[in-house]
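[1] attaching a predicted model along with its sequence, questions to come.
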Amino acid sequence: MDPGVSDYQVFFLGEDQRSLRIEEQEFYYDQARKRLLSQFDSIGDEATAAGQEWLDRPAPWFDPDVHDPASSYEQAYEAEIDHYLMLFNLQNQTRLSVVSGFFHEWEKNVKEWMSSEVGYWCREPAAIAAIWKLQVRATLQLLGNFGLVIPDADHIVRLDACRLVVNVYKHGAGPSLLELATKYPDYLNREFASNAESDLSLQSMAYRDLRIDDEQVEAFSDAVITFWKELPERRYASEVDEWPKWFTDICGGARGRTEIGG
């Protein structure tokens, strides 16, 4: 790539598109919170009701002359605990599903925007294909190369954490689990976070300890919104400090470039 030959616009984000992406994310999170996440606000009360229901249920096997009435209360309490744990796990799964949904939508929207913009000045189909094949971490790196994001900005770090949370939710044990334990242990059991490197049994099972709360769901959503808010409106070739080699290899310098700005 030879941006010194003549300056040209490499990325543009119109306010209409920016506003649309922000509005979509705000709507998604708001509706998910109202229609899905709020259903778990009273799981303690629901568990108590389940225990009472078990206690009130007729027990044809119970003989007051033979059986200890206290055993019924013990079993009712166990039923209450079991019900609570199942609801707690379902709540966590629902939160993770909500986050996975909007994270994957954000990823696709980013790649669609990037490939559309690159297509104006690099006519090589391989460039578009390469963008769509990028992993999220590589996508963020490419955005950083073009000066579109600051890699250590809070919302970019949060999106990186979200990437790992979603990967662990989808794949279980694996490289993302160890990376999450190392970089963002708050989303995992503390014991696992400190022993994952050496304890293979923890590596194989601890993905079940992946936990996020409502505040973390909201923080991930806010990171997506901030991403779209903070993207520069325009980026010119002269403002790009580092052109990735794989990118210039595909686009071949100025070959295939269409000058659309100055």
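    In hand now; what should we look at?
[2] leaving out sequence neighbours, find the closest residue to the most centrally placed residue in the chain.
    Nearest to the mean C-alpha position of the chain, by C-alpha atoms, centre = their mean, lies residue 162 at 3.6 Å. Nearest residue to residue 162 in three dimensions, chain neighbours excluded: residue 220, at 4.7 Å (C-beta to C-beta, 6 or more residues apart in numbering). Heads up, the C-betas are built off the backbone N, CA and C, glycines and all.
[3] equivalent analysis for residue 77, please.
    Using C-beta to C-beta, 6+ apart, the nearest residue to residue 77 is residue 51, at 6.1 Å.
[4] CA atoms only: put the host helix or strand of the one you found into PDB for me.
    Assigned by DSSP states H and E, residue 51 falls within helix 43-56. Taking Å, rounded to 0.1, in the frame of the first residue of the first chain, the C-alpha atoms of helix 43-56 are listed here in PDB:
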ATOM      1  CA  ILE A  43     -35.900 -17.300  42.000                       C
ATOM      2  CA  GLY A  44     -35.500 -17.500  45.800                       C
ATOM      3  CA  ASP A  45     -39.200 -17.100  46.300                       C
ATOM      4  CA  GLU A  46     -39.900 -19.600  43.500                       C
ATOM      5  CA  ALA A  47     -37.600 -22.100  45.200                       C
ATOM      6  CA  THR A  48     -39.300 -21.700  48.500                       C
ATOM      7  CA  ALA A  49     -42.700 -22.200  46.900                       C
ATOM      8  CA  ALA A  50     -41.400 -25.400  45.200                       C
ATOM      9  CA  GLY A  51     -40.300 -26.700  48.700                       C
ATOM     10  CA  GLN A  52     -43.700 -25.900  50.100                       C
ATOM     11  CA  GLU A  53     -45.400 -27.500  47.200                       C
ATOM     12  CA  TRP A  54     -43.400 -30.700  47.800                       C
ATOM     13  CA  LEU A  55     -44.400 -30.600  51.500                       C
ATOM     14  CA  ASP A  56     -48.100 -30.100  50.700                       C
END
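[5] for it, which outside residues touch it?
    Applying C-beta atoms under 8 Å, 6 or more residues apart in numbering, the contact partners of helix 43-56 are 72-73, 75-77, 79-81, 83-84, 87-88, 91.
[6] out of the residues you listed, which are buried?
    76, 79, 80, 83, 84, 87, 91 (16 or more other C-beta atoms under 10 Å).
[7] which two of these have the greatest separation?
    Largest separation among those by C-beta to C-beta: 76 and 91, giving 22.4 Å.
[8] any idea how far the longest helix along the chain is from the chain center?
    Determined from DSSP state H, the single longest helix within the chain is helix 69-121. In terms of C-alpha atoms, centre = their mean, to the nearest Å, the centre of helix 69-121 is found 10 Å from the chain centre.
[9] what's downstream of that helix, the next helix or strand?
    Next along from helix 69-121, by DSSP H and E: helix 125-133.
[10] tell me where the protein is predicted with low confidence.
    Residues of the chain that meet the criterion pLDDT under 70 lie in 1-6, 47, 55-72, 189-206, 253-262.
[11] distance from the helix holding residue 51 to the middle of the chain?
    Centroid separation for helix 43-56 versus its chain: 34 Å, with C-alpha atoms, centre = their mean.
[12] who's in contact with the closest residue to residue 15 other than its chain neighbours?
    Using C-beta to C-beta, 6+ apart and skipping residues adjacent in sequence, the residue nearest residue 15 is residue 233, 7.6 Å away. Shown in contact with residue 233 (C-beta under 8 Å, 6+ apart): 12, 13, 14, 15.
[13] what's the closest non-adjacent residue to the third one?
    Right, the one you point to is residue 14. Spatial nearest neighbour of residue 14, chain neighbours left out: residue 233 (7.8 Å); criterion: C-beta to C-beta, 6+ apart.
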